[in-house]
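Chemist: 3D model of this:
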Amino acid sequence: MNKFDKIYIAGHRGMVGSAIHRNLVKLGYENILTRTSSQLDLRTQEAVNEFFEIERPAYVFLAAARVGGIHANNTYRGQFLYENLMIQNNVIHSAYATGVKKLLFLGSSCIYPKMAPQPLKEEYLLSGPLEHTNEPYAIAKIAGIKLCDAYRDQYGCNFISVMPTNLYGPNDNYDLENAHVLPTFIRKFHEAKIAGAKEVVIWGSGTPRREFLHADDLADACVYLMDHYNEAGLVNIGTGIDLTITDLAMMVREVVGFTGDLVYDSSKPDGTPRKLMDVSKLTGLGWTYKVSLREGLEKVYSEYQTMVAHP
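Modeler: So this is what the prediction gives:
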């Protein structure tokens, strides 16, 4: 990419898309193309086709998606599968039809089988059954990877796929109905501290292990790979370091300053036992993460406090 190429970020107001936007602006890119969902419904093929025909972006970051945590994934199964398939199919096909030079498709670590060996290597894709609670979302993302590869095979498109681990950062979703675990903890512990509560309830057993990456690190990796990676298949993006949900809860409790107890609700699902990414392919390409989990938590809690103080 050069500084004057037209670059379209699909999903620029989400946590991932906004981080990519910040990264590109910081690097001096001057021709960044964005549309809100009200301006352009990516689920509508005709609208997406028209947008690409008119704007003709040279590069595309496909970060738009219907996303959520365990509860949302398991509750809105049809919506998650349908909407994500429509979004990615429309954008990927229009990118091909209008001669986009390169597209980067963002997936998720949930694409891997529930009981896959740890850490998760890229070649473990489709080697076993998926976790039931997020199966529709995972199937959509797997289809996106395969669509990028199929368009590469049939049409010669330089479409690449990256699979980030669990993310957090600015513009995260703190709605307890469908947020991921880390922002859920930040909100729960903050509200418990303000209310003077004696305990916070943690879903499940607290034993599953999760890896977390700051959105700014993900954005940096995506821009790096847009410039340095041109192959089929996928690239894991993460830190290669995980911790238990209990350890995460204790770290968030300390950062927030809540002094009460942790109580476990064993009637709630744990989800996948472990999702640690093997990032050797990424590090072999020359990129490693910069923001530690503790540093990142302190940043996002400060941002969350500002957000709730000035909604």
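Chemist: Just want to check the distance between residue 201 and residue 268.
Modeler: 9 Å (C-beta to C-beta, to the nearest Å). All C-beta atoms are positioned from the backbone trio N, CA, C, and that covers glycine.
Chemist: let me redo that: residue 241
Modeler: Residue 241 sits 25 Å away from residue 268, taking C-beta to C-beta as the criterion.
Chemist: go on, residue 4?
Modeler: For residue 4, the distance to residue 268 - C-beta to C-beta - is 50 Å.
Chemist: okay, these two: which has more neighbours?
Modeler: Comparing residue 4 with residue 268 by other C-beta atoms under 10 Å, the one with more neighbours is residue 268, at 14 against 10.
Chemist: got the residue ranges for the helices in the stretch 1-150 of the chain?
Modeler: Along the stretch 1-150 of the chain, the stretches classed as helices by DSSP state H, counting those that start in this stretch are 15-27, 45-55, 70-75, 77-97, 135-155.
Chemist: By mean pLDDT, show me the worst of those helices.
Modeler: For the helices of the stretch 1-150 of the chain, mean pLDDT drops lowest on helix 70-75, to a mean of 77.
Chemist: Now do it: everything it contacts.
Modeler: With contact meaning C-beta atoms under 8 Å, 6 or more residues apart in numbering, helix 70-75 is reached by 80, 132, 133, 134, 136, 137, 177, 178, 203, 269, 271.
Chemist: what residues are up against the last one?
Modeler: Taking C-beta under 8 Å, 6+ apart, we find residue 271 in contact with 70, 131, 133, 134, 204, 208.
Chemist: Filter those down to the buried ones.
Modeler: 70, 131, 133, 134, 204, 208 (16 or more other C-beta atoms under 10 Å).
Chemist: May I see the residues you listed organised as TSV, with distance to residue 117 added?
Modeler: Shown next, in TSV, are the buried ones among the contacts of residue 271 (distance: C-beta to C-beta, whole Å):
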residue	distance to residue 117
70	22
131	15
133	21
134	19
204	22
208	16
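Chemist: buried set for the worst-scoring helix or strand of the chain on mean pLDDT?
Modeler: Of all helical and strand segments in the chain, the minimum by mean pLDDT, DSSP states H and E falls on helix 70-75, at a mean of 77. For helix 70-75, burial by neighbour count (16+ other C-beta under 10 Å) applies to 70, 71, 72, 73, 74.
Chemist: now do stretch 52-61
Modeler: Those would be 52, 57, 58, 59, 60, 61, for stretch 52-61 by 16+ other C-beta under 10 Å.
Chemist: which of those residues sit farthest apart?
Modeler: Spanning the widest gap among those are 52 and 61, at 14.2 Å by C-beta to C-beta.
Chemist: which residues does residue 274 bridge with?
Modeler: The partner list for residue 274 in beta bridges (DSSP bridges) reads residue 209.
Chemist: Nearest residue to residue 142 in space, please, no chain neighbours.
Modeler: residue 111 (5.2 Å; C-beta to C-beta, 6 or more residues apart in numbering).
Chemist: need the contact list for residue 212.
Modeler: Residue 212 sits next to 165, 166, 167, 168, 182, 239, 248, 293, 296 when contact means C-beta under 8 Å, 6+ apart.
Chemist: Over to residue 183: give its phi and psi.
Modeler: Main-chain torsions, residue 183, degrees, to the nearest 10: phi -60, psi -30.
Chemist: Tell me, what's the model's pLDDT at it?
Modeler: Confidence score, pLDDT, at residue 183: 95.
Chemist: ok now do it, which residues does it touch?
Modeler: Under the criterion of C-beta under 8 Å, 6+ apart, the contact list for residue 183 reads 168, 172, 173, 174, 300, 304.
Chemist: At which residues are the helices of the stretch 201-311 of the chain located?
Modeler: Under DSSP H, counting those that start in this stretch, the stretch 201-311 of the chain gives helices at 215-228, 245-256, 280-284, 293-309.
Chemist: Please produce a markdown table containing the ones you listed, extended by mean neighbour count.
Modeler: Formatted as a markdown table, the helices of the stretch 201-311 of the chain follow (neighbours: other C-beta atoms under 10 Å):
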| stretch | mean neighbour count |
| --- | --- |
| helix 215-228 | 21 |
| helix 245-256 | 19 |
| helix 280-284 | 15 |
| helix 293-309 | 15 |
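Chemist: Can I get those helices in TSV including distance to residue 146 and mean pLDDT?
Modeler: Below are the helices of the stretch 201-311 of the chain laid out as TSV (distance: least, C-beta to C-beta, whole Å; pLDDT from 0 to 100):
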stretch	distance to residue 146	mean pLDDT
helix 215-228	19	98
helix 245-256	31	98
helix 280-284	18	98
helix 293-309	32	95
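Chemist: Just put the ones you listed in TSV and tack on distance to residue 99.
Modeler: Converted to TSV, the helices of the stretch 201-311 of the chain look like this (distance: least, C-beta to C-beta, whole Å):
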stretch	distance to residue 99
helix 215-228	17
helix 245-256	44
helix 280-284	28
helix 293-309	38
